[in-house]
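J.: Next come a sequence and a model predicted from it.
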Amino acid sequence: MMRLSLAPIGEINPVKAIWVEDTIRAILEEVGLTVDCEVCIVLKPYDDAFIVGVKDKRIAIGEEIARRIIV
């Protein structure tokens with residue numbers, strides 16, 4: 001297990017845990033980033049944000065959030 005922020009670019013990883021407040025968790029769930037989904041770092045860091053592939057989407061998440069997602 002490791003933090004998403006440390007995952008290699010292009011490697012698909014299942015999400016094991018998300019350690020964020022409930023409001024942020026709800027926002028992540030809306031875009032499909034949940035425990036047991038698969039994520040892939042597409043680009044890092046880009047203006048202190050990571051571009052992450054979730055399902056068929058690409059989303060930007062801040063570095064602080066990426067450190068709180070365990071893969």
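T.: Yes, it's here. Numbering: from 1, shown residues only.

J.: Run a quick neighbour tally on the residue nearest to residue 13 when sequence neighbours are not counted.
T.: Excluding its sequence neighbours, the residue lying closest to residue 13 (CB to CB, 6 or more residues apart in numbering) is residue 71, at 3.7 Å. Every C-beta, even on glycine, is put in place using the N, C-alpha and C of the backbone. Neighbours of residue 71 under the rule other CB atoms under 10 Å: 21.

J.: mind listing the strands for the chain?
T.: Using DSSP state E, the strands of the chain run over residues 12-14, 17-18, 38-46, 49-54, 57-62, 69-70.

J.: ranking those by mean pLDDT, which is last?
T.: Note on these: strand 38-46 shows the lowest mean pLDDT, a mean of 90.

J.: Dump that one to PDB, restricted to CA.
T.: Output of strand 38-46 as PDB, limited to C-alpha atoms (Å, rounded to 0.1, in the frame of the first residue of the first chain):
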ATOM      1  CA  GLU A  38      -9.100   1.700 -10.100                       C
ATOM      2  CA  VAL A  39      -7.100   4.900 -10.600                       C
ATOM      3  CA  CYS A  40      -4.100   5.800 -12.700                       C
ATOM      4  CA  ILE A  41      -1.900   8.800 -12.400                       C
ATOM      5  CA  VAL A  42      -1.800  10.500 -15.800                       C
ATOM      6  CA  LEU A  43       0.300  13.500 -15.000                       C
ATOM      7  CA  LYS A  44       1.900  14.800 -11.900                       C
ATOM      8  CA  PRO A  45       2.300  17.400 -10.500                       C
ATOM      9  CA  TYR A  46       0.700  20.100 -12.600                       C
END
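
J.: Many thanks, I have nothing further to ask.
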